[in-house]
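Novice: fold the following, please.
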Amino acid sequence: MIEKQNEGPSEEPTNPDTTSSPVDIIKPKPKKKKSLVRLALGFVGENIKAAWSYISETHIFKILTSNAVANGLTVTFAILALAGVTATPFGPVVVGVLAGIAFTSVAIKVGTDMMQARSLRHLEKENNLLVKNRDAKEQQVNILKDDPKLANILKDQLFQPEPREGKKSVTQRLAQDTSKSKIVAKSVGKALLKQGLDIGLAIANSIATAGVALAVKIAGVVITLFSFGMEAKATVNVDTVRHDLKKQIDSERDKADTPGYNNVKDLRAQVREQRIQTMALKELISDKNYSSMSPEQIKTRFTEIKDKICVSEKAIITSRNIFVRAAKMAFSLIKDAGRGQSPYSKLNNPTKIVINKPGMEDQPLVEKNKPSARNTSKLSQIAAKLTKQVSENISAKSSSKVKTPNHHQKKHTQRSSKNR
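Specialist: This next block holds a predicted model:
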């Protein structure tokens, strides 16, 4: 009996090496420590990048590197060469040719910048109109969905957009399936064509000008190449934004309930009608007497509200006078030329262009106060550190409470022992 009671499961010491799973055996590889040289280079690189991002956003840098200042300097140097102020071993014919190249280069750059600014502005305008139309259309659909009786009453008075068959907005697509590398290559090629005359002119002037130190000549060529690099980067950014705008426009054009149009003027007129109709519907259903109105009263009230809104909304007017239209076109081109030369225009700050999408107008403050992508990673790192510290402090406090009694418990135990 005693032997049976002593029998039981044998408690032999287990070897952790033999019972551990294969996952526990695999140890993480130690991270290779970076050398001091790599750490120093990384630190210097981060500081240079931060300093460059700060300097590039200053007003002085933007003005000095603007297209207007660069073109003005090119014209000024060409005029000084023609006036004979700049000494040169060549005759007046060569000087005249170089000055002609300078003027041609400036004219090409101003024209190119003007067309780019105009194209970008038209794309942004078309996209904004499509977004306004989509937002107004969605609101109208929700109103009529919640009140089917109203949709039946106003079915003959609601605005119907133009059919899509045969319209350019349906037959012509803007965006092409292009990879990012192709966009970069095309943009650099465009910048090279635009700045090619300037590069050749800088090299020719460095050879032709006499009495100028070699360091000054080399500095002139280096500055020209630096401006080419900045131009290439700006062109890549502009083309990337333009490509994204075209994709957004095409995606909205492909929707079946988007109106068909041949140009922005047709689209603007239809978007105006759609927005007026949606505003009239919203004001109609918010009327305190709406629930007691008869169908005829609803139609009459809807027409009154719509006519009132039409008066307040800006009308789309096209002048029949050809001279007035020509003057407007010339003024528009002059404004686009100014946008192309201004350092604060959207063309020269493409990263600040916001591509509107349907539904963004309902939350403008959220988008406006949204932290930038540059600070998002830093904020996440700080938040992770704070949460880690808080969790460590909580675990430390909980363990201390379990292990050691507090001050009042110690006093109570001491008093009870003395009483005993």
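
Novice: only C-alpha atoms from now on, for both contacts and neighbour counts.
Specialist: Fine.

Novice: next one: the residue found closest to G260 once you drop the neighbours it is linked to in the chain, what pLDDT does it get?
Specialist: Using CA to CA, 6 or more residues apart in numbering and skipping residues adjacent in sequence, the residue nearest G260 is R164, 4.1 Å away. On the pLDDT scale, R164 is placed at 85.

Novice: with A232 instead?
Specialist: 81.

Novice: what sits against the residue nearest to G260?
Specialist: The contact partners of R164, by CA atoms under 8 Å, 6 or more residues apart in numbering, come to V170, P259, G260, Y261.

Novice: what is the nearest of the residues you listed to V324?
Specialist: Proximity to V324 was ranked across the contacts of R164 by CA to CA; first place goes to Y261, at 24.6 Å.

Novice: I'd say T235 and K186 touch.
Specialist: No: using CA atoms under 8 Å, T235 is not in contact with K186; the gap is 9.1 Å.

Novice: these two - which one has more neighbours?
Specialist: A count of neighbours by other CA atoms under 10 Å puts T235 above the other of T235 and K186, at 24 against 16.

Novice: number of residues surrounding T300?
Specialist: Neighbours of T300 (other CA under 10 Å): 12.

Novice: how near is it to M279?
Specialist: 16 Å (CA to CA, to the nearest Å).

Novice: which pLDDT value belongs to S181?
Specialist: S181 is assigned a pLDDT of 82 by the prediction.

Novice: who does the helix or strand harbouring it touch, helix- and strand-wise?
Specialist: Using DSSP states H and E, S181 sits in helix 180-208. For helix 180-208, the elements it packs on are helix 92-146, helix 214-253, judged by 3 or more CA pairs under 8 Å, 6 or more residues apart in numbering; DSSP states H and E.

Novice: weakest of those by average pLDDT?
Specialist: Among those, helix 214-253 scores lowest, at a mean of 81.

Novice: return the set of buried residues in it.
Specialist: 217, 220-221, 224-225, 227-229, 231-232, 234-243, 245-250, 252-253 (16 or more other CA atoms under 10 Å).

Novice: tally up the residues packed near K346, please.
Specialist: Neighbours of K346 using other CA under 10 Å come to 17.

Novice: that one and E138: what is the separation?
Specialist: K346 sits 30 Å away from E138, going by CA to CA.

Novice: okay, and T76 sits in which element?
Specialist: Using DSSP H and E, T76 falls in helix 67-83.

Novice: again with E273
Specialist: Using DSSP H and E, E273 falls in helix 264-285.

Novice: got the angle between that helix and helix 92-146?
Specialist: On the basis of axes from the mean of the first three to the mean of the last three CA atoms, to 10 degrees, helix 264-285 is oriented at 30 degrees to helix 92-146.

Novice: which elements pack onto helix 264-285?
Specialist: So helix 264-285, by 3+ CA pairs under 8 Å, 6+ apart, packs with helix 92-146, helix 295-312.

Novice: go through stretch 268-283 and flag the buried ones.
Specialist: Those would be 268, 270-281, for stretch 268-283 by 16+ other CA under 10 Å.

Novice: which residues touch D198?
Specialist: Counted by CA under 8 Å, 6+ apart, D198 has contacts A102, S105, T224.

Novice: where does A81 land on pLDDT?
Specialist: Per-residue pLDDT puts A81 at 76.

Novice: likewise S10?
Specialist: For S10, pLDDT reads 49.

Novice: related to what we said a few turns ago, now the contacts of R164: which count as buried?
Specialist: Looks like those have V170, P259, G260, Y261 buried, using 16+ other CA under 10 Å.

Novice: re earlier: starting at the chain centroid, how far to the helix holding T76?
Specialist: Once both centres are worked out by CA atoms, centre = their mean, to the nearest Å, helix 67-83 turns out to sit 34 Å from its chain's centre.

Novice: K109 reaches K194, doesn't it?
Specialist: Yes: K109 is in contact with K194 according to CA under 8 Å; the separation is 6.2 Å.

Novice: touching, K194 and V110? I think so.
Specialist: No: using CA under 8 Å, K194 is not in contact with V110; the gap is 9.9 Å.

Novice: let me know the closest of the contacts of D198 to L333.
Specialist: Looking across those and measuring by CA to CA, the closest to L333 is S105, at 19.2 Å.

Novice: just give the number of residues close to the closest one.
Specialist: Neighbour tally, S105, other CA under 10 Å: 21.

Novice: chain neighbours aside, what residue packs nearest to it?
Specialist: Nearest residue to S105 in three dimensions, chain neighbours excluded: L197, at 5.8 Å (CA to CA, 6+ apart).

Novice: mind checking how far that neighbour is from A107?
Specialist: Taking CA to CA, one finds L197 at 11 Å from A107.

Novice: give me the more crowded residue out of the two.
Specialist: L197 (18 against 13).

Novice: for the stretch 251-400 of the chain, which spans come out with low pLDDT?
Specialist: Applying pLDDT under 70 to the stretch 251-400 of the chain flags residues 361-400.

Novice: try it again at 90.
Specialist: Residues of the stretch 251-400 of the chain meeting the criterion pLDDT under 90: 254-257, 290-291, 310-326, 328, 340-400.

Novice: quick check, nearest of the buried ones among the contacts of R164 to T74?
Specialist: Y261 (43.7 Å).

Novice: surely the closest one and K167 touch.
Specialist: Yes: using CA under 8 Å, Y261 is in contact with K167, at 5.5 Å.

Novice: helix, strand, or coil at the residue lying closest to A234 once chain neighbours are set aside?
Specialist: Take A234 and drop its neighbours on the chain: the residue closest to it by CA to CA, 6+ apart is N348, 7.0 Å away. Secondary structure, DSSP: H, G, I helix; E, B strand; the rest coil: N348 is coil.

Novice: now swap in I355 and tell me
Specialist: coil.

Novice: now do the phi/psi pair for it.
Specialist: The phi/psi pair for I355 (degrees, to the nearest 10) reads phi -80, psi 110.

Novice: and the nearest residue to it once chain neighbours are set aside, how far is that from K167?
Specialist: Residue nearest to I355 in three dimensions, not counting chain neighbours: L245, with 6.6 Å by CA to CA, 6+ apart. Distance of L245 to K167, given as CA to CA: 20 Å.
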